[in-house]
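>>> give me a model of this one.
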Amino acid sequence: QVQLEESGGGLVQPGGSLTLSCATSGFTLDLYAIGWFRQGPGKEREGVSCLNVFDGSTHYADSVKGRFTISRDNTKNTVHLQMNSLKPEDTAVYYCGSGNGCEYGMDYWGKGTLVTVSS
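You can find the predicted model right below:
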């Protein structure tokens, strides 16, 4: 069955970097999209970035443009989210999801990984 598992979260100081990974199984990654979402304390879940793996197109929320990069690991069924210049407001549980396309929303979800940006 479809499975998604996030990893790479942790505590980082403002200005630091982290790379999140979304390991996938149970489907052909190259035919679908992987999106990263986050939910901060007291906030609703919001989209951060998305990769249409089938055509390589990417999408970013305005709040992370220029700081975050989404990419597919060509040696594994994994999608990474490289996060640079982290800010306290990036603190959230980060989830990855899979779906038919970034424009259509996600159908399956991982359990999330916590990112805390604090000094």
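>>> for the residue nearest to Ser85 when sequence neighbours are not counted, which residues are in contact?
Once flanking residues are discounted, Ser85 sits nearest to Arg67: 4.7 Å by Cβ to Cβ, 6 or more residues apart in numbering. (Each C-beta comes from the backbone N, C-alpha and C, glycine too.) For Arg67, the contacting residues are 83-86, by Cβ atoms under 8 Å, 6 or more residues apart in numbering.
>>> can you list these in JSON lines and add pLDDT and neighbour count?
Formatted as JSON lines, these follow (pLDDT from 0 to 100; neighbours: other Cβ atoms under 10 Å):
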{"residue": "Met83", "pLDDT": "98", "neighbour count": "25"}
{"residue": "Asn84", "pLDDT": "98", "neighbour count": "14"}
{"residue": "Ser85", "pLDDT": "98", "neighbour count": "13"}
{"residue": "Leu86", "pLDDT": "98", "neighbour count": "22"}
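>>> so which of the residues you listed sit within strands?
Met83 (DSSP state E).
>>> greatest separation within the contacts of Arg67: which pair is it?
Met83 and Ser85 (8.2 Å; Cβ to Cβ).
>>> overlap in contacts, those two.
Joint contacts of Met83 and Ser85 (Cβ under 8 Å, 6+ apart) are 17, 67.
>>> and the strands in this protein?
With strands called from DSSP E, the chain shows them at 3-7, 10-12, 18-25, 33-39, 46-52, 57-60, 68-73, 78-83, 92-99, 108-109, 113-117.
>>> compile the contacts of Arg67 into CSV and extend it with columns for distance to Leu51.
Below are the contacts of Arg67 laid out as CSV (distance: Cβ to Cβ, whole Å):
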residue, distance to Leu51
Met83, 15
Asn84, 17
Ser85, 20
Leu86, 20
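>>> all set now, cheers.
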